[in-house]
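[1] For reference, the sequence and a predicted model appear below.
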Amino acid sequence: MKKINYLLLILISPLLWACEGYLDKPDSDDITVEKAFESVRSARKVLNNLYSEVRGAAYNISTRNIPYAMACDDGIAGYNLWTQKFQSGSWTADDNRGAGDDAETDPPTVSFWNNTYKRIRKANLFMENLYRATGDEADKARMMAEAKFLRAFFYSELIRRFGGVIILDHSVDPNDYSSLTNQPRETFENSVEWVCNELAEAAKGLPAVCSSADVGRATDAACYAAIARLRLTAASPLFNTDSPVLPSYTTTQYYGNYDKNRWKLAADACRFVMEQRSQYYGLDLSNVDTAEPDSWENYYRRFINRYFIVGKESVWIAYEKENWGGVKIPWNNRQSGGWNWVNPSYQLALEFEMYPSGKMPMDEESGYDMQNNANGKDRDPRFKATIQAPNATYDAYGFEPWAGGKASELQSQRTGMCLQKYIDPLYNDVTAETRNVRKNIIHIFRYNEILLNYAEAMNEYTGPTSDVYSAINAIRSRVGMPDLPSNLTQDQMREKIRHERRVELAYEDFRFFDIRRWRIAEDVCNEYIKGYDVTKGKDGGFYTIVNVGDRMVFEKKHYLFPLATAEILMNPALEQNPGWPKLSTATN
């Protein structure tokens, strides 16, 4: 393992000092390393700043706070934003979201790599200087484990996008970056193993659960949830194969062979949370008022700050900061000063089964009728909790996407549907003076993901055993949906699990990555996003399926993000991901 001092471009960029966190500034008269780490209390402020770097699904990594769902087949942005470059296949190795708050159209190709390594640098500096702090040694040991966890989590997000990474386990003098010039990336396998080992080591110093005063801090369960997510990614067909997507793939991009045991490693990490921490984590029915299955309102409230109760389902959450983006998700209703930037696709809408039969809408025996059921009537309760369909009504504002309706402008809707998940229906004051004061709690790891990860891993490892059925049926029964049919084959169960992930985890930034690790993005992202033409007719019907925007384009190179041209020019040993050019003058 190459353990190196590597700071990338962040140490020579003036943007490094743009934020106001303790570790974002160079030494000065008012803030020094000694002062920042004077005590456990002051060091806690530094660590809190590091926690603030965690980006949940609804925050994402863009100024405009658009989830990755708008960059795949789950929807389309209501404005010409960076996600449309992903969908059109026109994104490049030099697109950089870090160019300013008004740079809405560039994907975060460059900035994600750079900004994540800045976060890793902060973690390294914290770990190297915590010894200076006076105070309780037990507190310091826990804080060290938290920083180790956060650093590993940041690395895991890089691996999901780029494959093998450069391991940076301590910082360097910002005035000396000569070591940047000839350092290769680790293999994919080494990168995954290093991160998983770091997470397992961090877990030893963390509690099983946080007190109410410490909600949002890392636990050993969060460590194993992170291991499970990364192990599942690594075990998937994109990486766990002897037949790579492109023949030019090397062991930097994938394992180079298939090993079924990699699925077991993912399942084992899930099992730690499910079995050894079952007294603390599980499916949360705390908002259910009756003995009836969880209603769509109760399911929906789990994503609204006003109703949020930390329960067993919350394995790790992040408190999002207030910002210009309002509720950390795109404004949803076109009122005074508002846009809707999240337009769910018809493809996603069709994934929600009929209720209570569990039949898919396109099944001839389902009884589905577009005019009567497109708005969520007689559908999986999660439909209404996720999608605001035509003619739906917020508590404070009716959604009328048909021609001449309240939401008929281009920037408000494009598919006839809006996002419901995360949206507080009582937050209807979106004037310029007040629209920037709302925040939300974002689940980084939900127990539901643990169950879905476990079911997928075990189905691939052993086939559709009773454990696989139990995990999926627990999620379905919580919202009143029927159990899966018995006697499914492994292939049939695989499709059921993928379907359940798409519905349960909609707009939580999974679909974009799932279709890549499953190697199906070429199939689902080379067509049009579809939506409703909701021109209201005299008969009261107004649903016609139409193509929205331009046809999506997905090439094999798009399975992995490219490294920035500037990085490769500075470090010739840095291997570009296959299919992407090394020179800025090259074309895609």
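    Received, thanks. Residues are numbered from 1 along each chain as shown.
[2] Figure out the helix or strand that residue 546 lives in.
    Per DSSP states H and E: residue 546 is located in strand 544-548.
[3] Sheet partners, orientation included, of that strand?
    The pairing partners recorded for strand 544-548 under DSSP bridges are strand 529-533 (antiparallel).
[4] Not counting the partner strand itself, show me its contacts.
    Residues lying outside strand 529-533 but in contact with it, judged by CB atoms under 8 Å, 6 or more residues apart in numbering, are 73, 75-76, 87, 343, 345-347, 374, 390, 401, 414-417, 542-549, 552. (Each C-beta comes from the backbone N, C-alpha and C, glycine too.)
[5] what's the longest helix in the protein?
    Longest helix of the chain, by residue count under DSSP state H: helix 137-162.
[6] counting contacts, what elements does that helix pack onto?
    Contacts defined by 3 or more CB pairs under 8 Å, 6 or more residues apart in numbering; DSSP states H and E place helix 137-162 against helix 40-51, helix 109-129, helix 188-203, helix 220-235.
[7] Quick one: distance of the last one to the chain centre.
    A distance of 14 Å separates the C-alpha centroid of helix 220-235 from that of its chain, computed with CA atoms, centre = their mean, to the nearest Å.
[8] swap in the first one?
    Distance, stretch centre to chain centre, for helix 40-51: 25 Å (CA atoms, centre = their mean).
[9] In the sheet, which strands lie alongside the very next helix or strand once past it, parallel or antiparallel?
    Following helix 40-51 in sequence order, the next helix or strand is strand 75-76 (DSSP H and E). Note on strand 75-76: by DSSP bridges, its sheet partners are strand 343-344 (antiparallel).
[10] Contacts for the very next helix or strand once past the strand it pairs with, please.
    Next helix or strand after strand 343-344 toward the C-terminus (DSSP H and E): helix 346-349. With CB under 8 Å, 6+ apart as the test, helix 346-349 has contacts from 73-75, 374, 383, 387, 389, 415, 417, 502, 506, 524, 529-532, 545.
[11] Can I get helix 346-349 as PDB, trimmed to CA atoms?
    Extracted in PDB, the C-alpha atoms of helix 346-349 (Å, rounded to 0.1, in the frame of the first residue of the first chain):
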ATOM      1  CA  TYR A 346     -42.900   8.600 -16.200                       C
ATOM      2  CA  GLN A 347     -40.500   5.700 -16.100                       C
ATOM      3  CA  LEU A 348     -40.100   6.100 -12.300                       C
ATOM      4  CA  ALA A 349     -43.900   6.600 -11.800                       C
END
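[12] List the buried residues for that helix?
    The neighbour-count check on helix 346-349 (16 or more other CB atoms under 10 Å) flags 346, 347, 348, 349 as buried.
[13] one step back: which elements pack onto the next helix or strand after the longest helix of the chain?
    Sequence order places strand 168-170 as the next helix or strand after helix 137-162, per DSSP H and E. Applying 3+ CB pairs under 8 Å, 6+ apart, we find strand 168-170 packed against strand 4-5, helix 109-129.
[14] Could you tell me the least trusted of these?
    Per-stretch mean pLDDT for those is lowest at strand 4-5 (a mean of 34).
[15] Can you name the next helix or strand after that strand?
    helix 33-36.
[16] any idea of the mean pLDDT for that next one?
    Helix 33-36 comes out at a mean pLDDT of 91.
[17] ok, now stretch 472-482?
    Here the average pLDDT along stretch 472-482 is 95.
[18] For residue 135, see how far away the spatially most central residue of the chain is.
    Of all residues in the chain, the one closest to the mean position by CA atoms, centre = their mean is residue 509, 3.3 Å from it. Distance of residue 509 to residue 135, given as CB to CB, to the nearest Å: 37 Å.
[19] And for residue 526?
    Applying CB to CB to residue 526 and residue 135 gives a distance of 57 Å.
[20] low-confidence ranges in the stretch 351-500 of the chain?
    391-412, 425-440 (pLDDT under 70).
[21] just the strands in it please.
    Remark: strands assigned in the stretch 351-500 of the chain by DSSP state E, counting those that start in this stretch are 387-388, 418-419, 441-446.
[22] Nearest to residue 131 among those would be which one?
    Residue 131 lies closest, by CB to CB, to one member of the strands of the stretch 351-500 of the chain: strand 441-446, at 28.6 Å.
[23] So which residues make contact with the helix or strand encompassing residue 318?
    Residue 318 belongs to strand 314-319 when assigned by DSSP H and E. Here strand 314-319 makes contact (CB under 8 Å, 6+ apart) with 51, 54-56, 59, 215-216, 218-219, 221-222, 225, 273, 281, 284, 310, 439, 441-447, 450.
[24] And for stretch 376-384?
    Under the contact criterion CB under 8 Å, 6+ apart, stretch 376-384 has outside partners 294-296, 299-300, 349, 352-355, 361, 367, 372-373, 387, 389, 392, 420, 479-481, 503-504, 506.
[25] same thing with stretch 565-578?
    Contacting residues not belonging to stretch 565-578 are listed as 8-9, 93-94, 110, 113, 162-163, 166, 180-185, 246, 248-250, 252-253, 557, 560-563, 581-584 [CB under 8 Å, 6+ apart].
[26] could I get that stretch in PDB with only the CA atoms?
    The C-alpha coordinates for stretch 565-578 follow below in PDB (Å, rounded to 0.1, in the frame of the first residue of the first chain):
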ATOM      1  CA  THR A 565      -7.000  17.200 -17.300                       C
ATOM      2  CA  ALA A 566      -5.100  19.500 -15.000                       C
ATOM      3  CA  GLU A 567      -4.600  16.600 -12.600                       C
ATOM      4  CA  ILE A 568      -3.100  14.400 -15.200                       C
ATOM      5  CA  LEU A 569      -0.900  17.100 -16.700                       C
ATOM      6  CA  MET A 570       0.500  17.800 -13.200                       C
ATOM      7  CA  ASN A 571       1.000  14.100 -12.400                       C
ATOM      8  CA  PRO A 572       1.800  11.900 -15.500                       C
ATOM      9  CA  ALA A 573       1.500   8.800 -13.300                       C
ATOM     10  CA  LEU A 574      -2.200   9.500 -12.700                       C
ATOM     11  CA  GLU A 575      -4.100   7.100 -14.900                       C
ATOM     12  CA  GLN A 576      -7.100   8.500 -16.700                       C
ATOM     13  CA  ASN A 577     -10.300   6.400 -16.700                       C
ATOM     14  CA  PRO A 578     -10.700   4.600 -20.100                       C
END
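[27] Okay, buried residues for that stretch please.
    Per 16+ other CB under 10 Å, stretch 565-578 contains these buried residues: 565, 566, 567, 568, 571, 574, 575, 576, 577, 578.
[28] Perfect, I'm done here.
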